[in-house]
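Visitor: Have a look at this prediction, sequence included:
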Amino acid sequence: MRQLADITALFVAALAVLSALAGAWAWWQGSLERSFWILWRATQLATTLLAAVALIVFVSDYKPASGLFWLYMLLPIAVSIIAEQLRIASADAVLSSRDLDDAQAVRKLPEDQQQLIVLTIAHRELAVAAISCLVIGFLALRVLATA
C-alpha cells in the first residue's frame, strides 16, 4: 500500500508544481491563460484522488512511519477548498477597496474601469490558485517522507 500512496503523492506533487509554475508564468506575463485554469482544476481533482488513496491505505491497515503521513495525505484537499474560498474573497476585497457594493455597481462604471476591475480580480484569483498549487505540491512531497 505504501507504493500506491507514494505514486499518487508523486503524481499530485508533479501536477501541482507544474500548475504553480504555469500560474506564476501567467501572473508574471499578466495573461489569463485558460491552460492554467485547466491545470488548476486537474490539481484539485488530484487532491481528491490523494484523499481517496488515503482512505484505501487506511482501510488496508497500513502503518506509516509517522502519524503525520495521514495529515499530509488529507491536507492537500483542505488547501484546495480553502483556496476556492480565498478566490471568492479576492473579488469582494477588490470591490470593497473601490467602495463598490457588488457587480451591479461595477456595471455603472465606464467600460475601461470595468475592465480594470475584472482584470484585477482575475489576477488576484490567479495568484491565490498558483500559491495554493505550490502548497499542495509541498504537502504531497511530504507524504513520501512520512510514509
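Guide: Looks like it arrived, so ask away.
Visitor: Confidence-wise, which helix or strand of the chain is lowest on average?
Guide: Within the chain, no helix or strand scores below helix 103-107, which has a mean of 80 by mean pLDDT, DSSP states H and E.
Visitor: Extract the CA atoms of it and return them as PDB.
Guide: Extracted in PDB, the C-alpha atoms of helix 103-107 (Å, rounded to 0.1, in the frame of the first residue of the first chain):
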ATOM      1  CA  ALA A 103     -21.200  43.500  -9.600                       C
ATOM      2  CA  GLN A 104     -24.200  45.700 -10.400                       C
ATOM      3  CA  ALA A 105     -22.200  48.700  -9.100                       C
ATOM      4  CA  VAL A 106     -19.400  47.800 -11.400                       C
ATOM      5  CA  ARG A 107     -21.700  47.900 -14.400                       C
END
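Visitor: What about residue 99? Give its phi and psi, please.
Guide: Backbone torsions of residue 99, given as degrees, to the nearest 10, read phi 60, psi 40.
Visitor: how much space between it and residue 117?
Guide: Distance of residue 99 to residue 117, computed by C-beta to C-beta, to the nearest Å: 12 Å. All C-beta spots, glycine's among them, are computed from the backbone N, C-alpha and C.
Visitor: Check residue 22 too.
Guide: According to C-beta to C-beta, residue 22 and residue 117 sit 24 Å apart.
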